[in-house]
Each structure stands twice: as C-alpha cells, then as structure tokens.
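[1] Got a predicted structure here, sequence first:
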Amino acid sequence: MLRSHTCGILNKNNLGEKVVLCGWVNSIRDHGGLTFFDIRDRYGITQVVSSPEETDNILYEKVKALRNEWVVMIEGEVAARPEETVNLKIPTGEIEIKIINLSVLNKSNALPFELSESDKTGENLKLKYRYIDIRNARLQNNLRSRALFCHKMREFLLSENFIETETPVLTKSTPEGARDFIVPSRLNPGKFYALPQSPQLFKQLLMVGGLDRYFQIAKCFRDEDLRADRQPEFTQLDVEMSFVEEEDIIGITERLLKHAVEGIFGREVNIPFPRMAYSDAMSKYGSDKPDTRVDIIYKDLSDAIRLTDIKVLNNILDRGGVIKGFTFPMGDKLSLKDIENLDRYIKEEGGGGLGWIRYKGDDIQSPLKKFLAKEAVEMLKPEKEPGNSILFFLGGKEKWVNEKLNRIKEVVLEKIPQLVKPGVFNFLWVTDFPLFEFNEEENRIQAVHHPFTSPAASDIPNLQKAPLAARSRAYDIVLNGNEIGGGSIRIHNRSLQEEIFSLIGLKEEVYRERFGFLLDALEFGAPPHGGIALGLDRLMMLMLGENSIRETIAFPKTQKGTCPLTLAPGEVEKRLLKENRIQVDIPQIE
Ligand code: ASP
C-alpha cells in the first residue's frame, strides 16, 4: 500500500504518529504564512499544514504549487489542532498532519464543475464527467449502500437455499412489454440475438431443471420510448421457486426486504405488508400502484349526481361513464386561481371542466351551487373536516377520469404537502390483477404482466368465452406509490400456455418459432413454479431519498438512452457492418 491510513480515520489517539496519506487535494488555504490543505479520499478528509519555519523551502514551495484535485501522497506527523480550528463535525477534526514530505502522484486540470456545485450542474455535463461527480460523498454513499444492500439480499437468499445463477445476455426475445435491443450475429449472417428484457424464460427452465430456488441480480434491457426516469438497461433482483403458491413468494419477499432494508438502512420494516385487490386500487386510487401515505380515496358520486338536474353529468352516466371525485382537508390552502388552473387543464385535456365544491363552515361555494339539490350536497359532503375542504370531481370514461384525477391529486399534493404522511415506507401488495387488457391501438388483447403468468384456476374454463374477465395469479409490490416489483405463479402446462399465446393473437407457427423451447420444456416434467423480480434501481432510489434512479447507478444514461461520457450509442466502422452483413441507410464513417 502507498498509504498507512485513509483520510477519514486519524484522531487524537494517533498524536505523534508518523503517517502516509494518499488522496485528492480538496481545498487550499493560506493563513499568515501557513498553508493548509485538505486531503480527501472515500473515507473522509484530513487537514494538512505546512509552515515556512518548520518545512524546508523546497517542500514549502511544492505545497504552495498544489492545486485542487491533484492526487498526492503526503508523509507527516499527527498533531493536535490549535483549539480555535478544532472541527467536531468530522471525525478527523481534532487533528492535523504536519507535513514532512509530499509527492504529487498526478496533476489535475481545473474541474468542469465544482464538486460542491453538482446539484446545480446540468445533467449532460455531469454525466460526461461522471467519474468526477462520483467523487462526491453523496454518490459514493449511494453506490456503497447499493453494494451493501445486494450483499444483504445475497446473504438472505443463500441462507434460504437459493442458487445464484447467471443466464445469457445474448439470447432470444423475452417479452416484458417493451421492444428488444438486438445484436447481429457475424457467424450467423442475417440473424440477431435479443438482449433479455428479463431472465424470465431461463429462470423457468431452471425450475424445469430442478434447481428449485434460483436468484440473480440481473441486468435487463428494454428499448422503450422516452419516459421520465427509465433506463434502457436496469438491474433487478430476479427470483424463482418451485412447488410454491402466491403466499410462498410473497412471504419470502417480505422477509428478504425486512432483512436487507433493516440491515442496511436501519429502518423498521413491519411484515406482512398490507394487500389490496387491483379493482380496489383502481376504484379508490385510480392507479395500480397506490400511495397509501395519502389518505385521499376516490368515491363514485353517481348517486348524488343522479339527484341533480345537471344534464352533462347525467348524460355521462347514461352513456356508461362514471362520475368520480375526491375531497381533501385544508381546502383553504388552495386558492380560486389554483382551482381555475386545474379547470383549464381539464378543458385542455378534452373534458367539460372540473366539478368542484368548496365546503366553508356550513356554507358551500361552487359554480354548480344552484344546480345542486340539498340532498346531493349532503351526500357529497366530506366526512373529515367538512368545514374546510374541497371536493373535486370529473365525469367521463373511467380510465380517463382516473388519469385526470391522479394528475389533479398530484397538484393538490404539491400545494399541500402535509397531506403526505412523512417518513414512512408504505409497502403494499396489489393482487388479483386481470390476466389480459385490451390494446386499443392494436385492437387485440395482451397480457397485463407477461404471457407466462398463470390464470386463476377458476377462470381457466372460461378463458375463451370471457378472456378479459379472467384474473391472473400475479402480484405487484408497491412502495409509496412506486411499483418496485412484481411476479406471478407461472403456467407449467403446455396446452394452457399455447392457449394463452393464441388468445393474445400469436399464430401457432409464430409462437412455436419464438417459444418452442419453452413449450417443449413444459412437456418434460415442469414443476409448478412462480417467482418475482424487484427493481433494484428504483428501490435504492426510494431508500436513499433520491428523486431519480440515475443517482443510484454508477454510469446511467440520459433520457434519450445516450451516454455523454462514452458517446454511446455510436456509429461503427464500415468493416464491422460489412462483417455483420448490415446495411445502414444513413451515411456511416469509414
Ligand atoms: N419477469 C418479470 C419482470 O421482469 C418478473 C417476474 O414475473 O418474475 O417484470
């Protein structure tokens, strides 16, 4: 080792010791002839002092020539800091190093941004110089916590008899609802590998292989359109088990999260987690990932609206639409202007406008006041804080209403953040999902999760007659309104799997070509099995209190899927294209 100690460890117990430290020059200060600088590494910072009287001339000049971020090795003696410079906020704050020798291991250009200015620096510049941003304690801490968290998960899973197994990255399509990234095969001209959207099919094959309990901290690749806070490659903890039912996967996931979250983040995790059926989540929260920290529950207001003569709303109901809304307390925190802005937003989105009633003491304020029958006002009246609350409601198709109410709720929560219960981790299972949903654009039904998810046993006989009514054996796990994972019990029977493929519109020759290997495996003694995957990046983001998953990934990509550091994706040499028998209809470099 070049060093005897790290920069975060020396204290008064080391007084008088001769030490060697290595690190980056953090800041240099001149005080009446004395030169101070801090030397920094991952572990902390230590103050170094050089005075013209005690230091030989050449050394003193060398110290004076130092610049921020140069990499240095210093030799010196640990001394007590004069009382007035003691800094009890850092572990090394009572000592300093009187320098005896200095080697400059490497110089540094002036940084493109100050480490302390990282928050205010543009994303592109920060990603271009990601290795500099990583010098910041915050990113160092995030990466370290992530590593420790993975270690804890491994520790738990290994103790539960799971086998960590790598699955291929160059493979065939594993559909999870995104596009595949494809890789040409030089040795098989005209053929392509797909990068895995998840290890789904391989983990199922491992169960057929009798591995019984599998896990992997797996890279997954999904070519999706721009969406905030998505990464084209991301990491998930992937798990699969044989001879299990929903309760087994749910139980082991809860114990795993308790072990790792309590172990690394020191926060108490109470298990079992609450559960909510998908239909309740949609009707009460308008979302399949409800944030139960917010006590705002959507209500169906049809009955109350029926008591009024408001034509537009009654027409909506007659046409099979819904009238839904929510109330919230602290209504005085929202001004008339805020409400007008929301009303404008709804009109811009093609709605007739936002219905609202402000409950003020015993009175109400509402543009609909004269149309509202007394009984309707009573029925709509909020239970909590009826004297200072607001009711917002909308009419239309349920999906549209839910989406817009969710957006309005977001704005309300931005204005009244007190409505979000602070400092809690609300884990929640969402269960009883439908197996299929209708894709209007493609005019076909598609799997809500993936097509390997088992239908609920009682719905299997009616799959052909009423596919959209079938429920699945899937479960999602949600944390504070974010989906952090999901899984299911799988189909382990070939004919049922084929039936599902054809229900989602795949022709026999297509599913045989794409998934024939899975179908074959299901006929060679496939055990009942199921599993789950947890999104590591998002989970870390929430645990670390970050706003973006990028802050938990060492080298993330921009929202456009580019890497400003390496300039990936880039063009490739013509020779490579030729070898891979690829023609590109955009001019390429020679
Ligand atoms: N393969 C699924 C996913 O990546 C998870 C699972 O069903 O286990 O979302």
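    Cool, the structure landed. The shown structure was predicted, so the numbers you read here are calculated from the model rather than taken from an experiment. Numbers count the residues shown, from 1 in each chain.

[2] at contact distance from the ligand, anything in the helix or strand harbouring V478?
    Using DSSP states H and E, V478 sits within strand 474-479. No. Strand 474-479 stays clear of the ligand (C-beta under 6 Å from any ligand atom), getting no nearer than 7.4 Å. Backbone N, C-alpha and C define where each C-beta goes, glycine included.

[3] Low-confidence ranges, this structure, go.
    Scanning the chain with the threshold set as pLDDT under 70 gives 588-590.

[4] what residues does this protein put near the ligand?
    Going by C-beta under 6 Å from any ligand atom, the residues of the chain near the ligand are E176, S198, Q200, G486, G487, S488, G531, I532, A533.

[5] Surely the second one touches E240?
    To tie it back to what came earlier, the one meant is S198. No. Counting by C-beta atoms under 8 Å, S198 stays clear of E240, with 11.0 Å between them.

[6] Looking at these two, which is more packed in?
    E240 (29 against 21; other C-beta atoms under 10 Å).

[7] and the more buried one, helix, strand or coil?
    Under DSSP: H, G, I helix; E, B strand; the rest coil, E240 falls in the strand class.

[8] quick one: contacts for it?
    By C-beta atoms under 8 Å, 6 or more residues apart in numbering, the contact set of E240 is K203, Q204, L206, M207, R213, Y214, F215, H529, G530, G531.

[9] Put together a markdown table for those residues, with secondary structure on each row.
    Formatted as a markdown table, those follow (three-state DSSP):
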| residue | secondary structure |
| --- | --- |
| K203 | helix |
| Q204 | helix |
| L206 | helix |
| M207 | helix |
| R213 | strand |
| Y214 | strand |
| F215 | strand |
| H529 | strand |
| G530 | strand |
| G531 | strand |
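
[10] in the sheet, who's paired with R213?
    M241 (DSSP bridges).

[11] residue in the stretch 251-400 of the chain nearest to the ligand?
    T253 (10.6 Å; C-beta to the nearest ligand atom).

[12] how about that residue, what does it touch?
    V239, I477, G485, I532, L534.

[13] Skip the chain neighbours and tell me the closest residue to the second one.
    To tie it back to what came earlier, the one meant is I477. G485 (4.6 Å; C-beta to C-beta, 6 or more residues apart in numbering).

[14] is it true that P434 touches P467?
    No. Using C-beta under 8 Å, P434 is not in contact with P467; the gap is 9.3 Å.

[15] Run a quick neighbour tally on the closest residue to N141 other than its chain neighbours.
    Spatial nearest neighbour of N141, excluding adjacent residues (C-beta to C-beta, 6+ apart): L544 at 7.9 Å. L544 has 16 neighbours, counted by other C-beta under 10 Å.

[16] How much space separates L544 from I553?
    Per C-beta to C-beta, to the nearest Å, L544 is found 12 Å from I553.

[17] Equivalent analysis for L539, please.
    Here L539 is placed at a distance of 12 Å from I553 (C-beta to C-beta).

[18] The two: which has the busier surroundings?
    Taking other C-beta under 10 Å, L539 and I553 do not tie; L539 has more neighbours (25 against 22).

[19] Closest residue of the stretch 151-300 of the chain to the ligand?
    S198 (3.3 Å).

[20] Helix or strand for that residue, just tell me which one.
    Applying DSSP H and E, one finds S198 in no helix or strand.

[21] in the top helix by length along the chain, what counts as buried?
    Longest helix of the chain, by residue count under DSSP state H: helix 137-159. Within helix 137-159, the residues that count as buried by 16 or more other C-beta atoms under 10 Å are L139, N142, L143, S145, R146, F149, C150, K152, M153, R154, F156, L157.

[22] And stretch 229-239, by the same measure?
    For stretch 229-239, by 16+ other C-beta under 10 Å, it's R230, Q231, P232, F234, T235, Q236, L237, D238, V239.

[23] Show the backbone phi and psi for the fourth one.
    Spelled out, it's F234. Main-chain dihedrals, F234, degrees, to the nearest 10: phi -150, psi 170.

[24] For it, list the residues it contacts.
    K219, C220, R222, G535, L536, D537, I549, I553.

[25] Wait, a strand at the first one?
    Going back to what we said before, that points to K219. Yes. Counting by three-state DSSP, K219 is located in a strand.

[26] Neighbours of it, how many?
    14.

[27] for the fifth one, same thing?
    Applying other C-beta under 10 Å, we find 24 residues neighbouring L536.

[28] what sits against it?
    So L536 contacts R146, F149, C150, I217, F234, T235, Q236, L237 (C-beta under 8 Å, 6+ apart).

[29] hmm, which two among those residues are most spread apart?
    F149 and F234 (15.2 Å; C-beta to C-beta).

[30] Tell me if I'm right that S302 and L317 touch.
    Yes. Between S302 and L317 there is a contact under C-beta under 8 Å: 5.6 Å.

[31] which residues do these two both contact?
    I323.

[32] who's in contact with the residue in the stretch 1-150 of the chain that the ligand sits nearest to?
    Of all residues in the stretch 1-150 of the chain, C150 sits closest to the ligand, at 17.4 Å by C-beta to the nearest ligand atom. Going by C-beta under 8 Å, 6+ apart, C150 touches I217, L536.

[33] and if you look at the one 5 residues further on?
    Contacts for E155 (C-beta under 8 Å, 6+ apart) come out as H259.

[34] do you know how far it is from E164?
    11 Å.

[35] Show me the helices in the stretch 51-200 of the chain, by range?
    Under the criterion DSSP state H, counting those that start in this stretch, helices of the stretch 51-200 of the chain are mapped to 57-65, 123-128, 130-133, 137-159, 200-208.

[36] Only C-alpha atoms, please: export the fourth one in CSV.
    It refers to helix 137-159. Extracted in CSV, the C-alpha atoms of helix 137-159 (Å, rounded to 0.1, in the frame of the first residue of the first chain):
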residue,chain,number,x,y,z
ALA,A,137,-19.8,11.9,-0.9
ARG,A,138,-23.5,11.5,-1.9
LEU,A,139,-22.8,9.3,-4.9
GLN,A,140,-20.2,7.4,-3.1
ASN,A,141,-22.6,6.7,-0.3
ASN,A,142,-25.4,5.7,-2.8
LEU,A,143,-23.1,3.2,-4.6
ARG,A,144,-21.8,1.8,-1.3
SER,A,145,-25.4,1.4,0.1
ARG,A,146,-26.4,-0.3,-3.1
ALA,A,147,-23.5,-2.7,-2.9
LEU,A,148,-24.2,-3.5,0.8
PHE,A,149,-27.9,-3.9,0.0
CYS,A,150,-27.1,-6.5,-2.7
HIS,A,151,-24.8,-8.2,-0.2
LYS,A,152,-27.6,-8.4,2.4
MET,A,153,-30.1,-9.8,-0.2
ARG,A,154,-27.5,-12.5,-1.2
GLU,A,155,-26.9,-13.3,2.4
PHE,A,156,-30.6,-13.9,3.0
LEU,A,157,-31.2,-15.8,-0.2
LEU,A,158,-28.2,-18.1,0.2
SER,A,159,-29.3,-18.9,3.7
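
[37] what's the offset of that helix from the middle of its chain?
    Relative to its chain's centre, helix 137-159 lies at 16 Å (C-alpha atoms, centre = their mean, to the nearest Å).
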